[in-house]
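Peer 1: predicted model and sequence follow; I will ask about them next.
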Amino acid sequence: MRRRDFLKAAVAGGAGVSLGGRLYPRAAWAQGPIKIGMPAALSGAYAQYGIQAKRAADLFARDVKAKGVLGRPVEFIFEDTAGDPAAAVRKAQKLVEKDGVKFLTGVALSSEALAVSAKCPEWKVIFMSTINGAGALTAKSFQRYFFRVNTSGPMGARAVSLYLAESPMKRFFALGSDYAWGRDSVASFTSQITAAKKDIVATEFPPVGTKDFASYIAKIRQSRADGVYLVLPGQDATIYLKQAHQFGLNREVKPIMEILELENMKAVGDAMVGAIGSSRYPFTVDTPKNRDFVKRFHELHGLYPDMFDGETYEGLEWLAQVIAKAGTDDVEKVIDAWEDSSYDGLEGPFFMRKCDHQAVQPGFAVECVKDPKYPHPIPKILATYPGEKVTPKCRTEEFS
Amino acid sequence: MANLLEQLLNALALAGLLFLVSAGLSLVFGILRVVNFAHGVFYMIGAYLGFTTVALTGWFWPALVVVPPIVGLLGALLESSTLRFIYRRPPIYQLLLTFGLALILEESVRVLYGPTAKGVEPPPLLQGAIDLGGLLYPRYRLFLVVLGCTVGVAVWLFLKATRAGLVIRAVAQNSEMADCLGADVARVRTLVFGAACALAGLGGVAAAPMTTAYLGMGISVIVDAFVVVVIGGLGSIGGSMAGSLIVGAAQTWGAFYLPETAMVIMYAVMGAILVFRPWGLFGEEE
């Protein structure tokens, strides 16, 4: 057995950890690992998002274990923020100052992201968003150390609006959670859907964490709308869909979701079949690269990747590619290398705009369908829109 | 007419769920003089155990019978192993302890079940909606109304008409005197704590088909339950019933008729009670 084969076998067998150092050239090893800090919500009500980021990082770490980046090992350092913006800033600061990370990612909530992003120019570290939807991050609150690899909230609303513009549905009810994301997305949807000469018959903003949607369901039924546009975070969406199904409402008024998540499909089950919406990343995209990713993800974790599993993996792969291109992990040089660069993502081509660091990428309208091959309903792609059509004008949340 | 009936049923169904949680919270305060922060977590554990029972047996009904005793046993164990030793300390100790227990139990559930919410299907008999004179209404919510009323009457009768109920009321009124008269106060406390947790567990099982079993459901229900108990009066079962009806109505009717102020109404009622009748509608002035 040659030395190389032995090392490969050792890595595959899980015994590679202790041998890690010997895999890299001596000079590169002396520089130490490239550290990526993840201040993610790993506990609390939003843990599902932080856990998706961690799952993607686990797979990526396994992928680069053999070669490293620039011949240097990649090290992930996780901190739990529990979804609290103040804790996110505190944990990010600890990662930067104590652990010496130059790259932050895995932040779950937009509120956390806005707080962390504001500190990055001072810390001189790159913050790569792979989850955060708030349009402001690449518009009003933009700063050059921030990069958004994922589809933003306004981009998701755009994809759904483009799809609905061509559907026979005419009258819509908008139901958004009463906070920034819910109100912004309903406003964005309203302006785009009225531009398509369709009607918003009513809007309501239930508080975050609503347990009983019966009163809203009664209103939606009375409005005689064709569809209801839902901007509800994970658990709220699950509860709404479950209750609307029990009232028999989903047959009368089609649920249209700002984000159609696998998490919801697993919890709601067949009652969710027929719902449509946008997806940041539907794991059913049929590209060779994605098929391979889904297969490897399933091998490692025993489940199918949700939206932010895919988006975070893409971010990490792209970041590694950019560091390799820059030839260094120096923050300023990485920023220069990243701007106006391209990346071959899981669901198609990505391009990082220099003007606002928003990644231009395909947008999707999907439908929740049943497929006997899977243990839960899955997103079926109804329409794919090229990046130019779903990305807003530079540093704005508006579309031309 | 159909509209009014629907609003009435919505309020009653929510009140039924709230009663199952707040009754135990109120009892525990009346008898143990402890504000139990962990109470909502027992509701959540009930929902998750309900999911497990349905997954194992394929039936919903056994969960209603099997889960509450298990949750009750867990509660009794925790009371006799932790709370029992700090009754004589200032209330802040009990608050900290129950808050800590709530965090530990919640994270344990997350480790065991993972972050994804668990859907529970209602039994076939209660699936879908029923036509009530032009109004389509979910059968399961009607069941919640019936369940809430039944349990409410049963608990009330138990406390008023049985010997055990008499002892419990005696301990609630004056635990030292009850002790002198031969009541085993420590045992009464453990049993009441366990029974309160069992009621919360029953509430969790009943809530699961309507809201799914999810992390954080305990925290979100405990806030409403505290409001119920403040309005109704700490330690009073009749007060819990009245408080549940008021909060159920305030939340559902508020969301329907005055959506912008839905959350305010509930707290406004609570504020008014605190100002004009701080011991609650059915509580006793101390």
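Peer 2: Received it, and whenever you're ready, just let me know what you need.

Peer 1: now whichever strand or helix holds residue A:337: average pLDDT?
Peer 2: For residue A:337, the host element (DSSP states H and E) is helix A:331-338. For helix A:331-338, the mean pLDDT works out to 97.

Peer 1: okay, it in PDB with CA atoms only?
Peer 2: Only the C-alpha atoms of helix A:331-338 are listed here, as PDB (Å, rounded to 0.1, in the frame of the first residue of the first chain):
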ATOM      1  CA  VAL A 331      -9.500  39.900   4.200                       C
ATOM      2  CA  GLU A 332      -9.000  42.900   1.900                       C
ATOM      3  CA  LYS A 333      -7.500  40.700  -0.900                       C
ATOM      4  CA  VAL A 334     -10.300  38.100  -0.500                       C
ATOM      5  CA  ILE A 335     -12.900  40.900  -0.900                       C
ATOM      6  CA  ASP A 336     -11.200  42.100  -4.100                       C
ATOM      7  CA  ALA A 337     -11.100  38.600  -5.500                       C
ATOM      8  CA  TRP A 338     -14.800  37.900  -4.600                       C
END
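
Peer 1: in that helix, what's buried?
Peer 2: A:331, A:334, A:335, A:337, A:338 (16 or more other CB atoms under 10 Å in any protein chain shown). Glycine gets a C-beta too; all of them are placed from N, C-alpha and C.

Peer 1: what do you get for stretch A:391-400?
Peer 2: Quick answer for stretch A:391-400 (16+ other CB under 10 Å): A:391, A:392, A:397, A:399.

Peer 1: list just the nearest of the residues you listed to chain B.
Peer 2: Closest to chain B out of these is residue A:397 (24.9 Å), distances taken as CB to the nearest CB.

Peer 1: Three-state assignment for that closest one, please.
Peer 2: Under DSSP: H, G, I helix; E, B strand; the rest coil, residue A:397 falls in the coil class.

Peer 1: what about it, distance to residue A:184?
Peer 2: Here residue A:397 is placed at a distance of 8 Å from residue A:184 (CB to CB, to the nearest Å).

Peer 1: same check on residue A:38?
Peer 2: 26 Å.

Peer 1: which of those two has more neighbours?
Peer 2: More neighbours surround residue A:38 than the other of residue A:38 and residue A:184, with 27 against 21 (other CB atoms under 10 Å in any protein chain shown).

Peer 1: low-confidence ranges, the chain, go.
Peer 2: If you meant another chain, say so; for now it's chain A. Scanning chain A for pLDDT under 70 picks out the ranges A:1-30.

Peer 1: meant chain B actually
Peer 2: In chain B (pLDDT under 70), the answer is B:1, B:286.

Peer 1: could you dump the buried residues of helix A:331-338 to a markdown table with distance to residue B:83?
Peer 2: Putting the buried residues of helix A:331-338 into a markdown table (distance: CB to CB, whole Å) gives the following:
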| residue | distance to residue B:83 |
| --- | --- |
| A:331 | 53 |
| A:334 | 55 |
| A:335 | 56 |
| A:337 | 60 |
| A:338 | 56 |
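
Peer 1: get me the contact residues on the stretch 51-200 of chain A for chain B.
Peer 2: Applying CB under 8 Å from any CB of the partner chain, one finds that the stretch 51-200 of chain A approaches chain B through residue A:51.

Peer 1: residue contacts, the residue of the stretch 51-200 of chain A found nearest chain B?
Peer 2: Nearest to chain B in the stretch 51-200 of chain A, going by CB to the nearest CB, is residue A:51, at a distance of 5.5 Å. Residues near residue A:51 by CB atoms under 8 Å, 6 or more residues apart in numbering or on different chains: A:40, A:42, B:115.

Peer 1: mind putting those residues in a markdown table, secondary structure, distance to residue A:155 and neighbour count included?
Peer 2: Output for the contacts of residue A:51, formatted as a markdown table (DSSP: H, G, I helix; E, B strand; the rest coil; distance: CB to CB, whole Å; neighbours: other CB atoms under 10 Å in any protein chain shown):
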| residue | secondary structure | distance to residue A:155 | neighbour count |
| --- | --- | --- | --- |
| A:40 | strand | 22 | 30 |
| A:42 | coil | 27 | 24 |
| B:115 | coil | 26 | 21 |
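
Peer 1: grab the nearest non-local neighbour of residue B:239.
Peer 2: residue B:232 (2.8 Å; CB to CB, 6 or more residues apart in numbering or on different chains).

Peer 1: so the one you found sits against residue B:281, correct?
Peer 2: Yes - look at residue B:232 against residue B:281 with CB atoms under 8 Å: they come within range, at 5.7 Å.

Peer 1: now do the shared contacts for those two.
Peer 2: Common neighbours of residue B:232 and residue B:281, counting by CB under 8 Å, 6+ apart, are B:239, B:242, B:243.

Peer 1: quick check: phi and psi on the last one?
Peer 2: Main-chain dihedrals, residue B:243, degrees, to the nearest 10: phi -60, psi -40.

Peer 1: next, count neighbours for it.
Peer 2: Residue B:243 is flanked by 33 other residues according to other CB under 10 Å.

Peer 1: after the helix or strand where residue B:165 lies, which helix or strand is next? Please name it.
Peer 2: Taking DSSP H and E as the criterion, the element that holds residue B:165 is helix B:163-173. Downstream of helix B:163-173, the next assigned helix or strand under DSSP H and E is helix B:175-180.

Peer 1: buried stuff in the next helix or strand after that next one?
Peer 2: Downstream of helix B:175-180, the next assigned helix or strand under DSSP H and E is helix B:185-211. Buried residues in helix B:185-211, counted by 16+ other CB under 10 Å: B:185, B:188-211.

Peer 1: list the helices and strands helix B:185-211 packs on?
Peer 2: Helix B:185-211 sits against helix A:234-246, helix B:2-32, helix B:39-57, helix B:61-81, helix B:139-161, helix B:163-173, helix B:175-180, helix B:217-232, with contacts defined as 3 or more CB pairs under 8 Å, 6 or more residues apart in numbering or on different chains; DSSP states H and E.

Peer 1: can you rerun that using 7 Å?
Peer 2: Helices and strands touching helix B:185-211, by 3 or more CB pairs under 7 Å, 6 or more residues apart in numbering or on different chains; DSSP states H and E, are helix B:2-32, helix B:39-57, helix B:61-81, helix B:139-161, helix B:163-173, helix B:175-180.

Peer 1: out of those helices, nearest to chain A?
Peer 2: Judged by CB to the nearest CB, the one of these that comes nearest to chain A is helix B:2-32, at 4.1 Å.

Peer 1: what's the angle between the closest one and helix B:61-81?
Peer 2: The directions of helix B:2-32 and helix B:61-81 differ by 30 degrees, with axes from the mean of the first three to the mean of the last three CA atoms, to 10 degrees as the criterion.

Peer 1: up against chain A, what does chain B have?
Peer 2: For chain B, the residues in contact with chain A (CB under 7 Å from any CB of the partner chain) are B:6, B:10, B:14, B:107, B:110, B:115-119, B:128-129, B:136, B:138, B:140, B:210-212, B:214-216, B:220, B:251-252, B:255-256, B:259, B:263.

Peer 1: right, I'll leave it there.
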